[in-house]
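Engineer: Quick one, fold the following:
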Amino acid sequence: MTELDAEDGKLLVLARGAMGRTGGNGGAAVRDTDGRTYAAGEVGLAALELTALQAAVAAAISSGAEGFEAAVVVAGRFSDPGVSAVREVSHSARIVFADAKGAVFEVLDPRLEVEAGAASHIEGDPARRSGIPEGFDLETESEVFE
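Structural biologist: Residues are numbered from 1 along each chain as shown. Below you'll find the model as predicted:
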């Protein structure tokens, strides 16, 4: 398991709590640049469908958040459209993926990629701009974590 700092650990707890409260298959939480947190589960209405990450981003933006520091997705996919929403608002936000039990299996942190000299790979490839590891097949490999 990847160790999280205390603040990201809180997001993990919030995301798992949202998943439990809604009885859904996933949960997510985001922290804005002011330190406020927003958690949500999946929305599955006939008139509206959102992943947990999309719902958390929507809650934050509708509350006036102007940027994100981090997001945690529990039992979600790398192909979650909420990842693009987080990146649209804050390219440098860390996105943590964990399974339903809370074990972290991936941390996408563009700041670390740039520090490691990966900036040249990010510019041309849309998947890399989203913080998805190079060579990672979103549609097949992310299914493992559902």
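
Engineer: So which residues of the chain form helices?
Structural biologist: 6-22, 52-62, 81-89, 110-115, 119-124, 126-129, 138-141 (DSSP state H).

Engineer: so where is the chain shaky, pLDDT-wise?
Structural biologist: Counting by pLDDT under 70, the ranges of the chain that qualify are 1, 113-146.

Engineer: switch to 90 and redo it
Structural biologist: 1-3, 110-146 (pLDDT under 90).

Engineer: Looking at the helices of the chain, which is nearest to V74?
Structural biologist: Nearest to V74 among those is helix 6-22; the distance by CB to CB comes to 4.4 Å. Backbone N, C-alpha and C define where each C-beta goes, glycine included.

Engineer: next one: that closest one to chain centre, how far?
Structural biologist: Here helix 6-22 is found 12 Å from its chain centre; the criterion is CA atoms, centre = their mean, to the nearest Å.

Engineer: list the helices and strands that helix packs on?
Structural biologist: Using 3 or more CB pairs under 8 Å, 6 or more residues apart in numbering; DSSP states H and E, the elements in contact with helix 6-22 are strand 27-32, strand 37-41, helix 52-62, strand 68-74, strand 94-98.

Engineer: What are the buried residues along the fourth one?
Structural biologist: So that's strand 68-74. By neighbour count on 16 or more other CB atoms under 10 Å, the buried set for strand 68-74 is F68, E69, A70, A71, V72, V73, V74.

Engineer: Could you give me the buried positions within stretch 20-39?
Structural biologist: Buried residues in stretch 20-39 (16+ other CB under 10 Å): 22, 24-32, 37-39.

Engineer: cool, and stretch 90-109?
Structural biologist: Applying 16+ other CB under 10 Å to stretch 90-109 flags 90, 93-98, 100, 102, 104, 106-108 as buried.

Engineer: ditto for stretch 53-64
Structural biologist: L53, Q54, A55, A56, V57, A58, A59, A60, I61.

Engineer: Name the nearest residue to A60, sequence neighbours excluded.
Structural biologist: Leaving aside its sequence neighbours, A60 sits nearest to Y38 (CB to CB, 6 or more residues apart in numbering; 4.3 Å).
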